[in-house]
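S.K.: no FASTA, just this:
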């Protein structure tokens, strides 16, 4: 079945450091890929998405590229801020499975001043 | 305006009780979902409705019963609550095959 694997956290960085959170997926079809962010005590917010191979999603300085050949969708940001501290979830959605989201286990990011 | 709202935000109850969580979306979406987030923050789909019709029912105990009175509402009723039901429950909505918009969550604590 479809699945998503993320790098384990927690990840602790200093402000202005470069961020990479690895995400790989297994899917039988052609899924859409997403990154969601969950700030403490809140629900999930869509950060970015990509719907087909080689698409790049970007938002708020974050980027991720849909790599079909490596089945990956790694999240990157060039310079993190304290306000980026949150839990980040990689997810896939397969139209053949009713559009449900299958999530990775989440990666907690803590950015120190 | 809140796009996806849930009530209550917190729910504390004893084992064996029956409780409901309500969800409403004002985005005009056709599809609504319930997800469960466990203590390790892992998220898993429970149910999905499209235009009031059940389309996804994962392996959830039948103590959990979703109800969709119209396409803007999806409620979750839980019978005979158990300790293991303690979690955060998220409602979400989407147009088919598009990104999902999540509610703020309901933290259920069973004592």
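M.R.: Structure's in. What do you need? Everything numeric here is computed off the predicted structure, so don't read it as measured data.
S.K.: Would you mind listing what in chain B touches chain A?
M.R.: B:4, B:31, B:33, B:35, B:40-45, B:48, B:50, B:55-56, B:90, B:92, B:94, B:96-105 (C-beta under 8 Å from any C-beta of the partner chain). Just so you know, the C-beta spots here come from the backbone N, C-alpha and C atoms, and that holds for glycine as well.
S.K.: 6 Å instead?
M.R.: B:41-43, B:45, B:48, B:55-56, B:96-97, B:99, B:102-105 (C-beta under 6 Å from any C-beta of the partner chain).
S.K.: where are the low-confidence patches of chain A?
M.R.: Scanning chain A for pLDDT under 70 picks out no residues.
S.K.: Show me which residues of it sit near chain B.
M.R.: Going by C-beta under 6 Å from any C-beta, the residues of chain A near chain B are A:43-44, A:46, A:49, A:87, A:95, A:98-100, A:103, A:105-106.
S.K.: Weed out the non-buried ones from these.
M.R.: A:43-44, A:46, A:49, A:87, A:98-100, A:103, A:105-106 (16 or more other C-beta atoms under 10 Å in any protein chain shown).
S.K.: Phi, psi for residue A:97 please.
M.R.: phi -120, psi 30 (degrees, to the nearest 10).
S.K.: How much space separates it from residue A:111?
M.R.: 35 Å (C-beta to C-beta, to the nearest Å).
S.K.: do the same with residue B:11
M.R.: From residue B:11 over to residue A:111 the distance is 32 Å, taken as C-beta to C-beta.
S.K.: now residue A:94
M.R.: 33 Å.
S.K.: Which residue comes closest to residue B:50 once chain neighbours are left out?
M.R.: Distances taken as C-beta to C-beta, 6 or more residues apart in numbering or on different chains place residue B:31 nearest to residue B:50, at 4.7 Å, with adjacent residues excluded.
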